[in-house]
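>>> Next one to model:
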Amino acid sequence: MTDLHKTRHEPISQLFDILDDTHAVMTGLDKTGHSMQPMAPQVDEDRRGIWFYSKRDSDMGAAIAKHPASRARICLISPDHDYHACISGTMSEESDKSLIDKFWSAPVAAWFEDGKDDANLVLLRFDASEADIWASSGSAIRFAWEIAKANVTDEQPDVGEKTHIVFPATAPAQQAAQ
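As a prediction, the model looks like this:
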């Protein structure tokens, strides 16, 4: 169940916590003809960074090689379906090889025949610039109460929060991109 207090008062921290618990997000570049695709986020909250393993010859890998620091979006739906986010930013190739080791796992290894030394392996870095978030409590009882109350009072039901985040330009992951 999404903590609406955290949505109101700690939205960036909450976003990274939920991203860290999410197996796949839809990721795409803001380019005509580029489709959103599912990718597994690798999250480092301290650096406010989001990374993705990809193949150089994939649609995403090839597009980033051709257009470094491309505008991109991530669409996130939490595992409990009570938190939704659309995150805008830039996607670029990550040059810090230590991060390949940091996030490496058995599921990632399954995609790369030569492991971490696979010539087709590329780590992509997403630097968030802003996000829109929609969160609800996920409580069926609260939802029913708010709907019943709204029908009696003719007021909109209070079933969640919507917030907009602008990420600080001084975040460490964004500094590395400058």
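>>> In the protein, which residue is most central in space?
Geometric centre of the chain, nearest residue: Ile74, 5.0 Å, by Cα atoms, centre = their mean.
>>> Endpoint to endpoint, stretch 51-67 covers what distance?
Taking Cα to Cα, to the nearest Å, stretch 51-67 runs 17 Å from one end to the other.
>>> now what about that stretch, what contacts it?
Outside stretch 51-67, the residues that touch it by Cβ atoms under 8 Å, 6 or more residues apart in numbering are 27, 29, 31, 34-35, 37, 39-44, 70, 91-94, 99-100, 103, 108, 111-112, 119-126. (C-beta placed from N, C-alpha, C; glycine too.)
>>> mind listing the helices in this protein by residue range?
4-9, 11-20, 59-66, 98-103, 106-109, 140-153, 172-177 (DSSP state H).
>>> Would you mind finding the most buried of those?
helix 11-20 (a mean of 19; mean count of other Cβ atoms under 10 Å).
>>> Show me how far that helix is from its chain's centre.
Averaging C-alpha positions (Cα atoms, centre = their mean, to the nearest Å) puts helix 11-20 9 Å from its chain's average.
>>> average pLDDT for it?
Averaged across helix 11-20, the pLDDT comes to 93.
>>> same for that helix, what does it pack against?
Helices and strands touching helix 11-20, by 3 or more Cβ pairs under 8 Å, 6 or more residues apart in numbering; DSSP states H and E, are helix 4-9, strand 42-44, strand 70-77, strand 83-93, strand 121-136, strand 160-166.
>>> Would you mark the buried spots in the last one?
Applying a neighbour-count criterion of 16 or more other Cβ atoms under 10 Å, the buried positions in strand 160-166 are Gly160, Glu161, Thr163, Ile165.
>>> What pairs with that strand, parallel or antiparallel?
strand 121-136 (antiparallel) (DSSP bridges).
>>> Tell me the buried residues in the partner strand?
121-129, 131, 133-136.
>>> any chance of those residues in TSV, plus distance to Ile50?
TSV is the format used below for those (distance: Cβ to Cβ, whole Å):
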residue	distance to Ile50
Leu121	18
Val122	15
Leu123	11
Leu124	9
Arg125	8
Phe126	4
Asp127	8
Ala128	7
Ser129	12
Ala131	11
Ile133	15
Trp134	19
Ala135	19
Ser136	23
